[in-house]
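Asks: I would like to see how this sequence folds:
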Amino acid sequence: MAKSAADDPIRNLATRRAIAATRGEKVSRTVARLVARSIADDGLDPGATLPSEQEMAKNFGVGRASVREGLRLLEAQGLVTVRQGLGGGPSVAEPTGAAFGDTMSMYLQANDIRFAEVVEAVIEMEGLTAALAAGKVAAGDVDPDLLRALGPEDHDDASNREFIEQSLGFHDSLRQMAGNYPIALMASALAHLYSDRALGFHASEWSEMERGAFDEQHAEIARAVLAGDVTSARNLAVAHMRESVTMVLGENPTITQDRVDWK
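Replies: Below you'll find the predicted structure:
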């Protein structure tokens, strides 16, 4: 395992200097930045244990209150998890598009953004990720496991929830194939904001006709991506998302004018 900052006196000294050099910034925010940087520098995986509050306070040369507030900042952003009680403490969380989307919703609410803009962004981002995925295939730069994820879908015995999860999983595979983490994260965050709200307005069960339409459209997108056809992949993904929005919101078109609320 990579050596942590707690075991490295040179890094501890540099960290203390970084804290001391803080100007116009709360110490807790500086602590949060340094912890996040340490997670990246040490290559810590989700679930990895971080030093305790007491250890961090000693290493950083700050009070435990500042460490605690810094960890809360990171926890609110979905970067760490802090478990209370015996055997608890901070650990590395797994950043997700859903967590990023929840944070994004706060900014959208503050700017009085309507759901229609989220829908428009989702449509365009799904087209972009499909195009990027096709480009990666054309360049021969795709993990074979991701290619297999675009294989034929079988929803015959799937429950309504399973069908939705499988359909969302298809788009998640495209985002991973796109090979661009910032774009994939943004697309995933927007998809979360859309699906978290819109899918609740659909009928309780998806009909066989709707499932068949999704399967056929996913298959067309997959063929274009696997053929490395960037233009077709983008156009098919955009058309699919537009039809999906019509299908999901067809009976509730007025929700597009609702404000996006912070989750």
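Asks: does residue 64 really touch residue 55, like I thought?
Replies: No - between residue 64 and residue 55 there is no contact under Cβ atoms under 8 Å: 10.2 Å. C-beta coordinates here come from the backbone N, C-alpha and C atoms, glycine included.
Asks: and the helix or strand where residue 238 lies, what does it pack onto?
Replies: Using DSSP states H and E, residue 238 maps to helix 230-249. Here helix 230-249 touches helix 115-138, helix 181-198, helix 208-226, going by 3 or more Cβ pairs under 8 Å, 6 or more residues apart in numbering; DSSP states H and E.
Asks: look up phi and psi at residue 83.
Replies: phi -90, psi 140 (degrees, to the nearest 10).
Asks: quick one: contacts for the nearest residue to it once chain neighbours are set aside?
Replies: Leaving aside its sequence neighbours, residue 83 sits nearest to residue 89 (Cβ to Cβ, 6 or more residues apart in numbering; 6.3 Å). Contacts for residue 89 (Cβ atoms under 8 Å, 6 or more residues apart in numbering) come out as 49, 50, 52, 53, 82, 83.
Asks: can you get me a residue count around the last one?
Replies: For residue 83, the neighbour count with other Cβ atoms under 10 Å is 10.
Asks: let me know whether it touches residue 91 as I believe.
Replies: Yes - at 7.2 Å, residue 83 counts as touching residue 91 under the criterion of Cβ under 8 Å.
Asks: shaky segments in the stretch 151-263 of the chain?
Replies: 155-156, 203-204 (pLDDT under 70).
Asks: please redo it, this time with the cut-off set to 90
Replies: Applying pLDDT under 90 to the stretch 151-263 of the chain picks out residues 151-167, 196-212, 246-255, 263.
Asks: so what does residue 90 look like in phi/psi?
Replies: Torsion angles, degrees, to the nearest 10, at residue 90: phi -80, psi 150.
Asks: look up the closest residue to it, ignoring the ones flanking it.
Replies: residue 50 (4.2 Å).
Asks: contact partners of the helix holding residue 238?
Replies: 119, 122-124, 126-131, 133-135, 138, 174, 198-199, 201-202, 210, 213-214, 217-218, 220-221, 224-225, 255-256.
Asks: and for residue 261, the neighbour number?
Replies: Using other Cβ under 10 Å: residue 261 sits among 11 other residues.
Asks: can you check residue 205 too?
Replies: Neighbour tally, residue 205, other Cβ under 10 Å: 11.
Asks: now it: which helix or strand?
Replies: Applying DSSP H and E, one finds residue 205 in no helix or strand.
Asks: against residue 46, how distant is it?
Replies: Here the criterion is Cβ to Cβ, to the nearest Å. By it, residue 205 lies 35 Å from residue 46.
Asks: what residues are up against residue 172?
Replies: So residue 172 contacts residue 188 (Cβ under 8 Å, 6+ apart).
Asks: so where does it fall, helix or strand?
Replies: Going by DSSP H and E, residue 172 is part of helix 160-178.
Asks: outline the domain layout of the chain.
Replies: For the chain, automatic domain parsing gives the domain ranges 5-92, 98-257.
Asks: Serialize those to JSON lines and add fields for distance to residue 263.
Replies: Output for these, formatted as JSON lines (distance: least, Cβ to Cβ, whole Å):
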{"stretch": "domain 5-92", "distance to residue 263": "12"}
{"stretch": "domain 98-257", "distance to residue 263": "4"}
